[in-house]
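Visitor: Mind folding the following:
(4 chains)
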Amino acid sequence: MFSVFRDLIRYNIEFAIGLILVGAVVIFACLSYFAPVDPTLIYVAMPDQPPSGQYWFGTNSRGQDLFWQLSAAFRNSLIFGITVAVLSRIISITVGLLSGYVGGWVDRVLMFINDIFVAVPIFPILVLFYFVLRNNMDSFTLALIMACFGWPFDARLIRSVALGLKHREFTRHAVFAGMSTPKILLEEHLPYVMPIVFSTFMANMLWSIGLEVTLAVLGFTNLNNPTIGTVLYWAISHSAIVVGVWWWIVIPVVLIVMTFLGLFLLAVSMNEYIDPRSRLRRMGA
Amino acid sequence: MTQDILTVDGLKAYYQMNYFGVEREVRAVDGITMTVRKNEIYGIAGESSSGKTSFIKVLAAAIRPPMRVVDGSAKFNFKNGPIDVTTATPQQIESIRWRHLSYIMQGSMSTLNPVRRIGKTFEDFAKRPLAASGTPYRERVLGHLERLKLPADVLNAYPHELSGGMRQRVTIGLATVCHPEFVIADEPTTALDVVVQKEVLGLIREIQQDMGSSVVFVTHDMSVHANMTDRVGIIYAGRLVEEGPTRQMFFAPKHPYTAHLVASLPRIGDTTQRPALEGRPPSLANPPAGCRFHPRCPLAIDKCKTEVPPLIPVANDHRSACWRWQDVGPLVKPHQANRVMA
Amino acid sequence: MQGYFWFVGKRLLQLFAVIFCGISATFLITHLSPIDPVEQVLGRLSARSNLSPEAIASTRAALTEMYGTGQPILNQYFNFWTRLLRGDLGPSLLAFPTPSMELVTRAMPWTLGLLVTSTVFTFVIGNLLGALAGYNPDNRFFKAFGLIAMGVQPIPYYIVAFILLIIFGFLFPVLPISGGFAMDVRPAMNWQFILSILQHSLLPALSLVLVGFGGWFLGMRALVSNVVNEDYVTYAGLAGVKKQTIVGGYVIRNALVPQLTALAMALGGVFSGTVITEQVFNYPGIGSLLIDGVNYGDYSLVLAVSTVSITAVALAIFIVDLLHPLLDPRVRAE
Amino acid sequence: MSTLLEVKEVSKQFTMGGMLSRKIVRAVEGASLSLSVEKPEIFTIIGESGSGKTTLARMILGLELPSSGEISFRGKTVSHKVGRAERLEFMANVQPVFQNPFEAFNPLKRIDRYLESTATRFLKLRQRDDIDAAMDGALQKVGLSLAEVRGRYPHEMSGGQLQRAAIARALIPNPPLLVADEPVSMVDASLRMSIVNLLKSLRDDLKVSVIYITHDLATAYYISNRLIIMQRGRIVEMGDARTVLDNPEHPYSRLLKASVLSTEDAGDGKLATDPGMVALAGELVSKPGRLVDRPDGRLVRVYG
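Guide: The predicted structure is shown next:
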């Protein structure tokens, strides 16, 4: 595992860049644990100060130090993304492996449900939830709902791998070695889908954070909780660009692009590492 | 006096790979010298990862990285002039493809475009080299299909609608419709059932005789070689270890590996114990010194461990690369054993 | 042909099931909430205008009858479907008393026009360039293209739209950044109007294209770099088949099959994208309607937009699925 | 004589396609055979692709249920739809060997993991030493040892060694019956005979019965006691291996034998098949016919 990691960093430029970008953002987000100010308070600093030695990222019109504000926002958004990714991974692994291995009517029922989740557009549903729950919609509820919509595509991917594994001879050997179905799924098949799980984990984080940003910018989340989206929401509602407080918009956007690009590069490079055919191609180049 | 159509001289083709920091050089073809004559079927036998597939890739001018020809040459002597496929330009190779040099690939399921009708594939493959269109082209193709005992309506079918035997006959049809001078056949019958296999083999042989072309026939199955080929070459760990007329190879092999391959074939009507060869073929990335077969060879002596035996003539038209070729005798005498049983 | 008929039948069944389940879900979400739509509507209404107590009482009666609140949930569910099948989800609060369905049908052409053109354009161009990039992996131009696509692809819709807005609205104000057409143009079938529509749709469409393009480009590039290693492509190469034929008939044709499936799966996401784009550029489509509905607490409008969008996406997926067997003869045989 | 395995009038049909476009494929029709406890033998099922030989093997292993008829092992019906304890008991007695040795073990896991699981499950062993002894014992039977196998991954071993290890795993519970589905068709020529010879010695030395499924008449002749020849789901000929293969009676059996590439006339290029033979064998596919006894002990399907 470690050597794979080392080789990836050394020989895959995309992975290295992705790791540096994500690493920088994660460290920045972790700084929020040492924040001298509570990021939910407003008017604790001089408003509208440009970046300086005292305020590295400047302050916003609500009198918040943007450095600590953004640090907390990125922490919350990353945690949110990870929560959605973990939850939806659990669903997709369970559904994918079961559906592929057990087959028959279990497979048909699960795939039917899967088809419905694929076809229902998530955005109106999320808006509907916000519409109904309003201020009861905290970020964990949102994560739960998104996790419910974030699994179908990946479950299909895992299922197609599991389907292949089911007919591999070692699976039948495992059956005749007296292993139980859960043991076969967890110990024989899960290692094969782990690479997919990792790469879709990143992609899923991208998707959920992006969706959260969108909802927040439209004002459809709890706006007092600092996240990437709510920072932008306040910046836009204070017409930051028009007023000339450009750093309020530019700095978060740069950080977001860094995060997304980093996560995407990690997902892509891992995907490439998994896919032996594109691996061979690289070898030939 | 027959004339050679292919002359391979000291051919070396290596895979040079560098993947995530692991550098490897696999010497898949390591100094092969041989010739193929006009109007003959030359069989190439070898186990998996013996280098036989890499060898015919070179012959088919399908050399792509990470494989590289390191040394030697492979010259064809076609009607439109000689050509060395290891040094020819892409344009030169383009000019011999299908009209002079064609190829039957293994795995009939994957060699045909799944979303294209057979007729369209025939057009893609044959229209340009045949330099014909309209009625003459159609008649040529239909006539050829009839020759292959294929109904004309396969042209309207998609590959998945045909049985394995039909598909293989279609690929043979594709490879031979332009009457090429040289055909490379890579395990064309391995996946087929015995009855169909024999039919398809017979068909390839018939067409080869009709066209008067040469065929290099690759398979690991010695009993196919016995019935199909005029001469056989045995490849072991990237080298040609023995070569000779098929009959001689089966009844008087002069290399212990060949002798073993022949002896281990079971036969109907014979239940005498068949020997098995233990051990595994060497890794081509790190082959043993000297004769590459020595770790598994029952006849090995110290010399075999250090000195590479040259491929030398041992009988009429028969070459072997073994220091002790004179001590190699057939392990089982087929006819004799048969008579005992009967 | 008969095979195709059965295929369509099976997909049709699936279409109905998806629509049914999706719409039932919207019903459940809205009806399991503690909010009483009737009281909400009345609250909003009385806050805005000075209605007499009698008027409020009669409106309440009418609304209760319509929403069916107070009845057992099964009855409500049944009423909901009967009303929906009649195309009546009650008046919109936003533009009281215009029926919300009418608002939706009015906004629909804008969204559809924007979506269909940008999706088709993105799909075609993205796949074509992706295929060429996959077939010529060492071409510098395509390599650069790949880098750009990689850079843009992961950025959320909102940010892309927002950056475009800043560039074209503030830095180089050359394109209209808001609305469906210019204020001083009268809606009519003339060039001025059509030109205005096209002008206004350029930025929203561009944002959708920018975001969608990368995905198709990168996906197709990866697929093609796999397909070129398939035996049938190698074999055609060994046979000296013309390069254009190999690229078009062998590589792209085969790589397009999974891309079509991907298109069906991506449609839901594409719809979500337009909602945001419309909001950013103030475009008079269904997305803007949805957001206005939520901000206004317009219960029936939100419900109408949700049901219509679920049906529309399911239908679009259905149509894409129907193309599948035409591209892949193996599906036809199934 | 008590029966070990009894296959009685077994048929299997598969429904292809969805619920709207049904197509019924008869994979196996009315197959019967039985093996006795006292006389271990290698019983061969010969057939080409689509003959139903693999389906029959899957039914014997209880992976598939017959559509009609019954398969019983020591008097108990074979099925996967039984309690886990009963299924495990069956698996302790009947073990499989499959086609591809490189696929026999999960490439990501160590080989001994499967041997160990088999030993703990079926022999109910708990002590480390007992487990090791059981594993080593089984490996010795196939010419390997625990020291050679322990801690190694599949890619570190040759195809022949892997197939031996797979057979060793199957031998751990001391099963009286092995079902070997094309065990040598993916093994290199130089190693093939070592596996075939091993199966032979399992029968002769360890008294294990083997159901050997193959398309290769030559190895079937070499090792089997009795055999059946299957054509499109039907048994067309059954009997002593030598009797049947030396002198096949059913047209299809004769066609198969005639299609075997012999090395006797190596170099002569004899590849002609009598088209009449192919046509005759093909015609019989559509006719049910019935199996009749012959004086030499074989069963042959006759028509009309």
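Visitor: What residues does chain C have near chain B?
Guide: C:230-232, C:234-242, C:245, C:249-250, C:253-254, C:257, C:327-330, C:333 (CB under 8 Å from any CB of the partner chain). From N, CA and C alone the C-beta is placed, and that goes for glycine too.
Visitor: Can you flag the buried ones in these?
Guide: Buried members of the residues of chain C next to chain B, scored by 16 or more other CB atoms under 10 Å in any protein chain shown, are C:230-232, C:234-241, C:245, C:249-250, C:253-254, C:257, C:328-329.
Visitor: show me where the stretch 1-150 of chain B has strands.
Guide: B:4-19, B:22-37, B:41-45, B:67-78, B:81-84, B:101-104 (DSSP state E, counting those that start in this stretch).
Visitor: Let's have these in TSV, adding distance to B:D230 and mean pLDDT.
Guide: Output for the strands of the stretch 1-150 of chain B, formatted as TSV (distance: least, CB to CB, whole Å; pLDDT from 0 to 100):
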stretch	distance to B:D230	mean pLDDT
strand B:4-19	13	87
strand B:22-37	8	87
strand B:41-45	5	95
strand B:67-78	18	91
strand B:81-84	23	91
strand B:101-104	18	92
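Visitor: Tell me how far D:P101 lies from B:L284.
Guide: Going from D:P101 to B:L284 by CB to CB, to the nearest Å gives 20 Å.
Visitor: In chain A, which helix is the longest?
Guide: If you go by DSSP state H, chain A has its longest helix at helix A:66-102.
Visitor: Return the set of buried residues in it.
Guide: Buried positions in helix A:66-102, judged by neighbour count with 16+ other CB under 10 Å: A:66-78, A:80-85, A:87-89, A:91-93, A:95-101.
Visitor: before we move on, what about stretch D:47-60?
Guide: D:47-48, D:50-60.
Visitor: residues in contact with that stretch?
Guide: Stretch D:47-60 has contacts (CB atoms under 8 Å, 6 or more residues apart in numbering or on different chains) with B:164, B:193-195, D:5, D:7, D:10, D:12, D:27-29, D:31, D:45-46, D:64-66, D:71, D:78, D:94, D:179, D:181-182, D:211, D:213, D:215, D:229-234, D:256.
Visitor: Out of these, which sit inside helices?
Guide: Using DSSP H, the contacts of stretch D:47-60 in helices are B:G164, B:V194, B:V195, D:L256.
Visitor: Most neighbours among the residues you listed, which one?
Guide: Neighbour counts for these (other CB atoms under 10 Å in any protein chain shown) peak at D:L256, which has 25 neighbours.
Visitor: so it touches D:L217, yeah?
Guide: Yes. Using CB atoms under 8 Å, D:L256 is in contact with D:L217, at 6.2 Å.
Visitor: more neighbours, D:P101 and B:L284?
Guide: Counting neighbours by other CB under 10 Å for D:P101 and for B:L284 shows that D:P101 has the greater number, 27 against 22.
Visitor: Rebuild the buried residues of stretch D:47-60 as TSV, extending it with distance to A:L21 and secondary structure.
Guide: Output for the buried residues of stretch D:47-60, formatted as TSV (distance: CB to CB, whole Å; DSSP: H, G, I helix; E, B strand; the rest coil):
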residue	distance to A:L21	secondary structure
D:G47	59	strand
D:E48	58	coil
D:G50	55	coil
D:S51	59	coil
D:G52	58	coil
D:K53	57	helix
D:T54	52	helix
D:T55	55	helix
D:L56	58	helix
D:A57	55	helix
D:R58	52	helix
D:M59	57	helix
D:I60	58	helix
